[in-house]
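*Asks:* fold the following for me, if possible:
(one chain, ligands or ions: 1)
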Amino acid sequence: MPQTWAIAGVDLHLDLTGTRRRAALESALREAVSSGRLAPDTRLPSTRALAVDLGLARNTVAEAYSQLVAEGWLSAEVGAGTRVAPRATAQSSPSAASEESAARVRYDLRPGSPDLSSFPRSRWSAAVRRALAVAPDEALGYSDPRGLPQLRRELAGYLARARGVRTHADQLIVCSGFGQALWLICQALCGRGARRLAVEQYLPQRTYATARASGLALTVLAVDGHGGDVGQLGSSDAVLLTPAHQFPFGVSLAAERRAHVAQWAQDTGGLVIEDDYDGEFRYDRHPLGALQALAPQRTVYVGTASKTLAPGLRLGWLAAPADLIDPVLSIKAIADRNLNAVEQLTLAEFIRSGEYDRHVRRCRLMYRRRRDRLVAALGAVRPAVKTSGIAAGLHALVQLPAGHCEDEVVALAAQRGLAIEGLRAYAHRAASPFPALVVGYGTPPEHAFNRAVERLCEVLGSLGASGR
Ligand SMILES: Cc1ncc(COP(=O)(O)O)c(C=O)c1O
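*Replies:* Below you'll find the model as predicted:
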């Protein structure tokens, strides 16, 4: 009769079938290793402990271990006990394959990420401790679906002060980043009969996908040096814009376009969705407050901690007009009810104590230096190359020399261990007005930044003057 046992120490079930106990143990262990249930380097229990657990003679277990060591499934070293041999798993899993390909990327200048090594680990840990020391027990229960009041209060103050947003804690909803905020807003819009969303012609593809998956038809706005062309809104019910720093062109929405879109929203009852994903990082241009302040009753402002702290926190927020709060909340209640309370309390404490502002200021200085180094290095190696969108944010648009296409340059960079992306990856239906790279100078850790830029310069320097 089959018996299932848990191995002492490592939580694994062994199914020992049949009367030949040693053979059964060997084959159960072989199966556990080859299927990956026992990962490489996992330490197995001692022969004595396993024998007691399984009700076997200690010798039987010792012989089974020796046999599997001889077959290469296990390894045994004096003092280190018996372990699953490295790479003993029969087939490498898909995640192992992607880890291998990630290992070939030595330098990463893809846009979309801040420098993760700059995450303020010790300050964040200290804020966790301070926040938990004073949080009431109720904060750890099912709480207000808008998010914890402690965080919404801090965010309302911060957004008014730093981004000029006109809101208060009751109109803020904490969510898991811009991605979720957009999905919630699109669902709410569809729920009240909206059909058409206007979007900029360049954005991350997942943004288009989110809007389409919600059932909204897209009106595509051309993007030029003044931002998205809001003269083309037509019969749209809503418009999504990146006014502070168009992604990936890096331009800001011109003052007359800001005024135009605010007026359009007032006149038509249309909704403006403002994606303020990296508004904190501006360098040598006037601070540009949130567009939301021009039409607070017709604009949903969305912010995120993904660039200021880390995308892995999954913390974002939206400030919505009063009539959108309940529709968004009823959808959010289905999606996730509440977000992680400890992270919310910690972010509240981080803002309250001034750590958030200090961290943003430190990062702003670091990214500004990086931007200057990037521009200087590119100018030295290819003076004719045009770099734009650099007054703010964490990425720059680098136009390729005439005659060269993005795929060629991306492939050349990959051969040198540098991950980089072309503009076309962000274009609606992959149209691209000119070949360019979107260089995420925020992405590498500080120690790797200079080498990453050198690699990029080598790649650009190796291109012939007029291409093929
Ligand atoms: C245009 C844009 N908006 C927003 C975000 C942030 O998304 P999330 O808050 O879901 O991490 C990104 C991240 O790359 C982005 O590129």
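*Asks:* around the ligand, which positions in the stretch 151-300 of the chain sit nearby?
*Replies:* Contact residues (C-beta under 6 Å from any ligand atom) of the stretch 151-300 of the chain with the ligand: 177-179, 204, 242, 247, 275, 277. Any C-beta I mention is one placed from the backbone N, CA and C, and that applies to glycine too.
*Asks:* mind pulling up the pLDDT for the closest residue to residue 276 other than its chain neighbours?
*Replies:* Once flanking residues are discounted, residue 276 sits nearest to residue 303: 5.1 Å by C-beta to C-beta, 6 or more residues apart in numbering. Looking at residue 303, its pLDDT is 98.
*Asks:* residue 303 pairs with what?
*Replies:* Beta bridges link residue 303 to residue 317, judged by DSSP bridges.
*Asks:* from the ligand, how far off is it?
*Replies:* 8 Å (C-beta to the nearest ligand atom, to the nearest Å).
*Asks:* report the contact partners of that residue.
*Replies:* 159, 163, 178, 276-277, 279, 316-318 (C-beta atoms under 8 Å, 6 or more residues apart in numbering).
*Asks:* scan the residues you listed and report the most crowded one.
*Replies:* residue 279 (29 neighbours; other C-beta atoms under 10 Å).
*Asks:* what's near enough to touch that residue?
*Replies:* 163, 244-245, 288, 290, 303, 392.
*Asks:* contacts only, for residue 217.
*Replies:* 195-197.
*Asks:* which of those residues lies closest to the ligand?
*Replies:* Taking C-beta to the nearest ligand atom as the measure, residue 197 is the one of the contacts of residue 217 closest to the ligand, at 14.9 Å.
*Asks:* can I assume that closest one sits in a strand?
*Replies:* Yes. Counting by DSSP: H, G, I helix; E, B strand; the rest coil, residue 197 is part of a strand.
*Asks:* which residue packs closest to it, ignoring adjacent ones?
*Replies:* For residue 197, the closest residue by C-beta to C-beta, 6+ apart turns out to be residue 216, at 4.4 Å.
*Asks:* with residue 305 instead?
*Replies:* Using C-beta to C-beta, 6+ apart and skipping the chain neighbours, the partner closest in space to residue 305 is residue 315 (4.3 Å).
*Asks:* so how many other residues sit close to that neighbour?
*Replies:* Neighbour count of residue 315, defined by other C-beta under 10 Å: 26.
*Asks:* doesn't residue 348 make contact with it?
*Replies:* No. If you go by C-beta atoms under 8 Å, residue 315 and residue 348 don't touch, sitting 10.6 Å apart.
*Asks:* distance between the ends of stretch 392-404?
*Replies:* End-to-end span of stretch 392-404 (C-alpha to C-alpha, to the nearest Å): 27 Å.
*Asks:* that one: which residues count as buried?
*Replies:* 392-401, 404 (16 or more other C-beta atoms under 10 Å).
*Asks:* and the ligand, which of these reach it?
*Replies:* Applying C-beta under 6 Å from any ligand atom, the subset of those adjacent to the ligand is empty.
*Asks:* from those residues, which is closest to residue 257?
*Replies:* Of all the buried residues of stretch 392-404, residue 392 has the smallest distance to residue 257: 16.7 Å, by C-beta to C-beta.
*Asks:* run a quick check on that closest one versus residue 286, I expect a contact.
*Replies:* No. If you go by C-beta under 8 Å, residue 392 and residue 286 don't touch, sitting 10.5 Å apart.
*Asks:* isn't residue 84 up against residue 37?
*Replies:* No. Residue 84 sits out of contact with residue 37 when judged by C-beta under 8 Å, with a separation of 10.0 Å.
*Asks:* have a look at the two and say which one is more surrounded.
*Replies:* Using other C-beta under 10 Å as the criterion, residue 84 and residue 37 rank with residue 84 on top: 24 against 15.
*Asks:* the residue of the stretch 101-250 of the chain found nearest the ligand - nearest residue in space that isn't next to it in sequence?
*Replies:* Closest approach between the stretch 101-250 of the chain and the ligand, counting by C-beta to the nearest ligand atom: residue 177, at 2.9 Å. Excluding the flanking residues, the one nearest residue 177 by C-beta to C-beta, 6+ apart is residue 316, at 4.1 Å.
*Asks:* what's the answer for residue 26, then?
*Replies:* Nearest one to residue 26, counting by C-beta to C-beta, 6+ apart, is residue 64 at 4.7 Å.
*Asks:* what about that neighbour, neighbour count?
*Replies:* Per other C-beta under 10 Å, the neighbour tally for residue 64 reads 24.
*Asks:* so what's residue 14 scoring on pLDDT?
*Replies:* In this model, residue 14 is scored at 77, pLDDT.
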